[in-house]
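**Q** coords below, sequence missing:
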């Protein structure tokens with residue numbers, strides 16, 4: 001069985017969840033550079049929006065959303 005690439009894992013995640021943060025990408029998929037993977041997917045034709053959020057401690061982070069057509 002072929003191992004999924006990080007990009008393939010992200011596409012499956014977006015299809016089921018709709019969005020992801022850097023912390024989620026690191027914890028769930030061991031992706032260390034989510035912005036780089038998002039860039040790779042953009043080059044493949046996917047479109048994204050991003051939103052700045054704050055966690056419970058006030059720390060800011062970006063959540064990426066895929067644009068579904």
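**A** Happy to help now that I have it. Owing to the predicted nature of the structure, the values given are computational and were not obtained by experimental measurement. Numbers count the residues shown, from 1 in each chain.
**Q** is the residue most central in space within the chain in a bridge, and if so with what?
**A** In the chain, the C-alpha nearest the mean C-alpha coordinate belongs to residue 20, at 4.4 Å (C-alpha atoms, centre = their mean). Taking DSSP bridges as the rule, residue 20 bridges to residue 64.
**Q** doesn't residue 9 make contact with it?
**A** No. Contact status for residue 20 versus residue 9: not in contact, 10.1 Å apart, counting by C-beta atoms under 8 Å. Backbone N, C-alpha and C define where each C-beta goes, glycine included.
**Q** quick one on the thing from earlier: check what pLDDT the residue nearest to the centre of the chain gets.
**A** Residue 20 is assigned a pLDDT of 98 by the prediction.
**Q** and the residue nearest to residue 67 when sequence neighbours are not counted, how many neighbours?
**A** Nearest residue to residue 67, sequence neighbours excluded (C-beta to C-beta, 6 or more residues apart in numbering): residue 47, at 4.1 Å. The number of residues packed around residue 47, counting by other C-beta atoms under 10 Å, is 11.
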